[in-house]
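Enquirer: Got a predicted model here, sequence first, then my questions.
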Amino acid sequence: MKTIPTTLVLILLSAAGLAAETRKLTLRAYLHDPVKPRGTEFSVEGDAKQSLPLRVGAISSAVEVAVTDGELRLQLADGKRAALAKVPGEWSSAIAIILPGATKDATPPYRVLLLDDSTKGFPWGSSQAVNLLSIDSAIQAGEHKLILQAGKTTAVPAVHKVNEFNIAQTNFHYKQGEQWVPFTERQLQYVDEMRRVFLIHATPGSQRPFVTTLVDHKPQELLDKN
C-alpha cells in the first residue's frame, strides 16, 4: 500500500483551510446615487447572471445571494468589483444601501451599508435613520427626539403619538455650530404594516441637507397571517 508523501498531505490540508466559506443571504437593495440614480447594474461576485433587481426610489424585491467568507461582494457588469461589506454571521436577510465611494477615484467605486432586514432587527412600524452627513443631525418623529450621529444608523422606534389618521409631525435638523437648524418638516403616517428608511444626505451644489425616504410595506403573506 502506497503512502501519500507528507508534503502533499500538508499542501492538501492547507488548500482545504483556504477554501472559501459561503452561505446564503436573502438580500434586498437600493442604489442611493443622486448623481447617477439609474443605469448601473450590480451582481454578486461569482453569479453575474443574478443582477440585483434595483428600483428607482424604492427598495428592490428579494433575491438569494452568496456571502463569501463573511462578506457581501458586489461586482459591476464588466466583472470589476463594485463594493464589499461585512455581513454579521447571525443575519439571514439584509437590505443593502449601495452608495458612491467617498471620493471619485475610490477603489472599489461604491460602498455598501447593510441593514438587518429581520423583524427582530427592524420591527414593523419602526424606522431606520441613516445619517450620511459628516455632521450630526436629529429627528423628531411624534414623541421621539433622537440625535443622529454623523455616519451612523439610528433605530427610530414605532411612533404612537399620532392623530386620528395615524399621522405625526416628523422634523429633521442639522447642527450648525451650537444651533439646530431645521431642514425638512413633514407629516407622515405611521402604522404597524409599514417601515421607513430615512437617508439624510447632501447633494452636490446644495447648501442644505436632504432626506430620501424609502417606504417598506409588509408583504401580503404576512398580512394574511394577522
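Expert: Arrived safely, thanks for sending.

Enquirer: Please count neighbours and contacts with C-alpha atoms only from this point.
Expert: Will do.

Enquirer: which ones are touching residue 50?
Expert: With contact taken as Cα atoms under 8 Å, 6 or more residues apart in numbering, residue 50 is in contact with 43, 44.

Enquirer: so it sits in a helix?
Expert: No: assessed with DSSP: H, G, I helix; E, B strand; the rest coil, residue 50 is strand; it does not lie in a helix.

Enquirer: give me the number of residues near residue 83?
Expert: By the other Cα atoms under 10 Å criterion, the neighbourhood of residue 83 contains 22 residues.

Enquirer: moving C-terminal of the helix or strand where it lies, what's the next helix or strand?
Expert: Here residue 83 is covered by strand 81-86, with elements defined by DSSP states H and E. Sequence order places strand 93-100 as the next helix or strand after strand 81-86, per DSSP H and E.

Enquirer: Pull the residues that contact the following helix or strand past that next one.
Expert: Once strand 93-100 ends, the next helix or strand along the chain (criterion: DSSP H and E) is strand 110-116. Strand 110-116 is touched from outside by 82-85, 87, 91, 93-101, 122, with contacts defined as Cα under 8 Å, 6+ apart.

Enquirer: Lowest mean pLDDT among the helices and strands, pick that one out for the chain.
Expert: Ranked by mean pLDDT, DSSP states H and E, the helix or strand of the chain with the weakest confidence is helix 6-18, at a mean of 49.

Enquirer: Walk me through the domains of this structure.
Expert: According to the domain assignment given by automatic domain parsing, the chain is divided into the following structural domains: 21-118, 121-226.

Enquirer: avg pLDDT for the shortest one?
Expert: For domain 21-118, the mean per-residue pLDDT is 92.

Enquirer: so what's the nearest residue to residue 193 once chain neighbours are set aside up against?
Expert: What sits nearest to residue 193 in space, not counting adjacent residues and going by Cα to Cα, 6 or more residues apart in numbering, is residue 218, at 5.2 Å. Listed by Cα under 8 Å, 6+ apart, the contact set of residue 218 reads 124, 193, 194, 195.

Enquirer: and the last one, that's in a helix?
Expert: I take that to be residue 195. No: checked against three-state DSSP, residue 195 lies outside a helix; its state is strand.

Enquirer: That one contacts residue 129, correct?
Expert: No: under the criterion of Cα atoms under 8 Å, residue 195 is not in contact with residue 129, lying 11.1 Å apart.

Enquirer: Between the two ends of stretch 43-51, how far is it?
Expert: 4 Å (Cα to Cα, to the nearest Å).

Enquirer: filter the contacts of residue 218 to the buried ones?
Expert: By neighbour count, with 16 or more other Cα atoms under 10 Å, the contacts of residue 218 hold 124, 193, 194, 195 as buried.

Enquirer: All set, thanks.
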